[in-house]
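# A structural model of the following input is requested.
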Amino acid sequence: MAADNNASMNEELRKWLIESKDEIKTSKEKKGKSKKPSGKCQVCGEKNATAVCLKCNRSVCKSCYFKLIGICKKCVPKEIASKWDGSNPDWEKQLGVEWVG
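This next block holds a predicted model:
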């Protein structure tokens, strides 16, 4: 069942990325050179910023940033962001696989 949820979540994220691809590209082109993160995270306001969102240009911390896609939690639809909450689930249990070490 967890594998079904993950597959559904991955499919939703894939669709969102395809739909947002042009908007993100345009946003990145408008901003020119990459901005360097500074100060506290502009999403949670708690941790130091370590990255800059490609879409909105906010300085954000690791917890509020989806590194894989370069977008902060504020720019990802809430229904998708809530599924990617930064927790560290027991993937062996959820996916029904054993890690090979």
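# quick one: low-confidence ranges for the chain?
Per-residue confidence for the chain (pLDDT under 70) gives these ranges: 1-9, 24-34, 81-101.
# now with 90?
Within the chain, the set of residues satisfying pLDDT under 90 comprises 1-35, 66-71, 73-101.
# show me where it has its helices.
2-31, 78-81, 91-95 (DSSP state H).
# can I have the second one written out in PDB, keeping just the CAs?
Extracted in PDB, the C-alpha atoms of helix 78-81 (Å, rounded to 0.1, in the frame of the first residue of the first chain):
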ATOM      1  CA  LYS A  78       0.300  22.500  -0.700                       C
ATOM      2  CA  GLU A  79      -1.100  19.100  -1.600                       C
ATOM      3  CA  ILE A  80       2.200  18.000  -3.000                       C
ATOM      4  CA  ALA A  81       4.400  19.800  -0.400                       C
END
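# now for it, which elements pack on it?
Helix 78-81 is packed against helix 2-31, with contacts defined by 3 or more C-beta pairs under 8 Å, 6 or more residues apart in numbering; DSSP states H and E. C-beta coordinates here come from the backbone N, C-alpha and C atoms, glycine included.
# so residue 73 sits against residue 58, correct?
No - the pair formed by residue 73 and residue 58 falls short of the contact definition of C-beta atoms under 8 Å, at 9.8 Å.
# find the residues that touch each one of those two.
Residues touching both residue 73 and residue 58 (C-beta atoms under 8 Å, 6 or more residues apart in numbering): residue 43.
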